[in-house]
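Undergrad: Dropping a prediction and its sequence here:
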Amino acid sequence: MFYSLGEYPLFNVKRPIYLDSHATTPVDPRVLETMLPFFTERFGNASSRTHAYGQDAAAAVRTAREEVASLLGAGAREIVFTSGATESNNIAIKGLAHARRDRGRTIVTTEIEHDSVLDVCGALEREGFEIVRLPVSRDGLLSLDILERAVDRSTLLVSVMAANNEIGVLQPIAEAARIAHASGAVFHSDIAQAAGKIPLALGEWGVDLASVSAHKLYGPKGAGALYIRRQRPRIEIQPIVEGGGHEGGLRSGTLNVPGIVGLGRACAIARDEMAAEADRLAALRVRLLDGLTSRIDGVSINGSMSARLPHNLNVSFEGIEGEGLMLALGDLAVSPGAACASATDAPSHVLRAIGVPAALARATIRFGLSRFTTAEEVDEAAQRVARVVHHLRPSGQSSRTVNSSVQNSA
Ligand SMILES: *Cc1c(COP(=O)(O)O)cnc(C)c1O
């Protein structure tokens, strides 16, 4: 069952068209329905084993743990609940580095990771760890040859995201894990954008640690999970938050039962609907891209179109001043390619890493389609973007002076 945002029970007023699902997604009504009793009548503390309230909460958490594990291709005992992917990235990377600091000092990652990976690496660098940030190709892909050359016996950890949050590009995670393991390094992946969107088999792929966020897959904000491999080999990490010994001592603090239950249901829905939904989204993305390129010249796609999340599109428009773009698109909820809409603002580190010139990065839009996006919304969005781009282009600049480079980016 799909709703458009207009029909969605919580969105019955006229709102901008939401195409920013890499930033966050609304809670699916089915997820909300599953969560609600755990705020009120089923409010028990999952650690209170001596009475029915606690036992009920613990049973709900157990079910959620199985649902999360099942989506990821992991075992339930390998799931630790956290507050989201930022915390999971912190626990995974700092916790691993601190547990294995006597073994080596190097962490290998990429230039296009989420800030919550790059900033944790920066903090470890100040502690004396060595961070290697690998470049990616023009289409956003990490070269396995470059990775192989960067990893050696001093490498503690390799961290490569499964799907990028700006350009949607998918990295070869199983192959990267194999390269890490060949040198005795542990392999972590930020799968916040991939979980629930593409099939994952973390156990089979040899991933050791992985970070999940509920609000990127139609679950609630402030809930997430960290996958930690339990066997062949068992991964040891040092906890960051200490306290009551919750979650096997790896993340103390009373469990956020409603959030965990919501994450579990979100994972169960994603598992059931992912395949059909990916097809639907891929078709909508074609529709969006066609809607843009049929009306606008000089559209370039950022990132590989073949190794890509089905619901992501990241495009730049040649020949316009980017500052006006976001402002003029006020009735469209999308993300820009630079932090803010001004000429002095730095382009995103991801666009910089794939070589998009600063001026073009400022004239860039990230579209993130969602479970609730309709064909009508996509058509309307393409029309609005076209109107704005034409308006911003200096008059007289036409299809003959600005050539489309779409075909170069596939
Ligand atoms: C959103 C996101 C995060 C942060 O997740 P939170 O749950 O909001 O902390 C981390 N990594 C990626 C790739 C993301 O898209």
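TA: Thanks, I have the structure now. Residues are numbered from 1 along each chain as shown.

Undergrad: In contact with the residue in the stretch 1-150 of the chain that the ligand sits nearest to, which residues?
TA: Nearest residue of the stretch 1-150 of the chain to the ligand: Gly84, at 2.5 Å (Cβ to the nearest ligand atom). The way it works is simple: take the backbone N, C-alpha and C, and place the C-beta from them, glycine included. With contact set as Cβ atoms under 8 Å, 6 or more residues apart in numbering, Gly84 has these partners: Ser213, Ala214, His215, Lys221, Gly222, Ala223, Gly224.

Undergrad: same question, Ile191
TA: Here Ile191 is in contact with Leu72, Met161, Ala162, Ala163, Leu200, Leu202, Ala210, Ser211, Val212 (Cβ under 8 Å, 6+ apart).

Undergrad: pretty sure the first one contacts Tyr227?
TA: Pointing back at Leu72 there. Yes: Leu72 lies in contact with Tyr227 (Cβ atoms under 8 Å); the separation is 5.7 Å.

Undergrad: list residues touching both of those two?
TA: Ile79, Leu202, Ala210, Val212.

Undergrad: isn't the first one right up against Ala69?
TA: When you say that, I think you mean Ile79. Yes: Ile79 is within contact range of Ala69, at 5.2 Å (criterion: Cβ under 8 Å).

Undergrad: which one's the longest helix in the chain?
TA: Taking DSSP state H as the criterion, the chain has its longest helix at helix 257-293.

Undergrad: For that one, name the packing helices and strands.
TA: helix 29-35, helix 52-72, strand 299-301, strand 312-317, helix 375-392 (3 or more Cβ pairs under 8 Å, 6 or more residues apart in numbering; DSSP states H and E).

Undergrad: buried residues in that helix?
TA: 257-271, 273-274, 277-278, 280-281, 284-285, 288-289, 291-293 (16 or more other Cβ atoms under 10 Å).

Undergrad: and if you look at stretch 181-199?
TA: 181, 183, 185-198.

Undergrad: Could you do stretch 93-103 as well?
TA: So for stretch 93-103, counting by 16+ other Cβ under 10 Å, buried means Ile93, Lys94, Gly95, Leu96, Ala97, His98, Ala99, Arg100.

Undergrad: which residues sit against that stretch?
TA: 107, 117, 120-121, 123-124, 129, 156-157, 159, 184, 186, 188, 209, 235-240, 250.

Undergrad: which among those residues end up buried?
TA: For the contacts of stretch 93-103, buried by 16+ other Cβ under 10 Å: 107, 117, 120-121, 124, 129, 156-157, 159, 186, 188, 209, 235, 237, 239, 250.

Undergrad: Now intersect the residues you listed with the helices, please.
TA: Filtering the buried ones among the contacts of stretch 93-103 for helices - DSSP H - leaves Val117, Val120, Cys121, Leu124.

Undergrad: got a markdown table for the residues you listed, with distance to Val315 and pLDDT too?
TA: As requested, these are exported to a markdown table (distance: Cβ to Cβ, whole Å; pLDDT from 0 to 100):
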| residue | distance to Val315 | pLDDT |
| --- | --- | --- |
| Val117 | 25 | 98 |
| Val120 | 30 | 98 |
| Cys121 | 29 | 98 |
| Leu124 | 35 | 98 |
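
Undergrad: and of those, the nearest to Ser306?
TA: Minimum distance to Ser306 across those is 24.4 Å, recorded for Val117 (Cβ to Cβ).

Undergrad: Just the pLDDT for the nearest residue to the closest one once chain neighbours are set aside.
TA: Closest residue in space to Val117, ignoring its immediate chain neighbours: Asn89 at 5.2 Å, by Cβ to Cβ, 6 or more residues apart in numbering. With respect to pLDDT, Asn89 scores 98.

Undergrad: any idea how far Asn89 is from Leu209?
TA: When distance is defined by Cβ to Cβ, to the nearest Å, Asn89 is 9 Å away from Leu209.

Undergrad: so where's the stretch 301-410 of the chain shaky on pLDDT?
TA: Along the stretch 301-410 of the chain, the parts satisfying pLDDT under 70 run over 339-344, 396-410.

Undergrad: ok, now the chain?
TA: Ranges of the chain meeting pLDDT under 70: 1-14, 339-344, 396-410.

Undergrad: domain parsing for it?
TA: 29-269, 274-405 (automatic domain parsing).

Undergrad: could you dump those to JSON lines with distance to Pro16?
TA: Output for these, formatted as JSON lines (distance: least, Cβ to Cβ, whole Å):
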{"stretch": "domain 29-269", "distance to Pro16": "19"}
{"stretch": "domain 274-405", "distance to Pro16": "5"}
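
Undergrad: What parts of the stretch 201-350 of the chain come near the ligand?
TA: Ser213, Lys216, Gly224 (Cβ under 6 Å from any ligand atom).

Undergrad: out of those residues, who's nearest Arg308?
TA: Nearest to Arg308 among those, with distances taken as Cβ to Cβ, is Lys216, at 16.1 Å.

Undergrad: how about the closest residue to the closest one other than its chain neighbours, secondary structure?
TA: Spatial nearest neighbour of Lys216, chain neighbours left out: Ala192 (5.3 Å); criterion: Cβ to Cβ, 6+ apart. Recorded secondary structure, Ala192: coil (DSSP: H, G, I helix; E, B strand; the rest coil).

Undergrad: you'd agree Ala192 is up against Ser213?
TA: Yes: the pair Ala192 and Ser213 qualifies as a contact (Cβ under 8 Å) at a distance of 4.3 Å.
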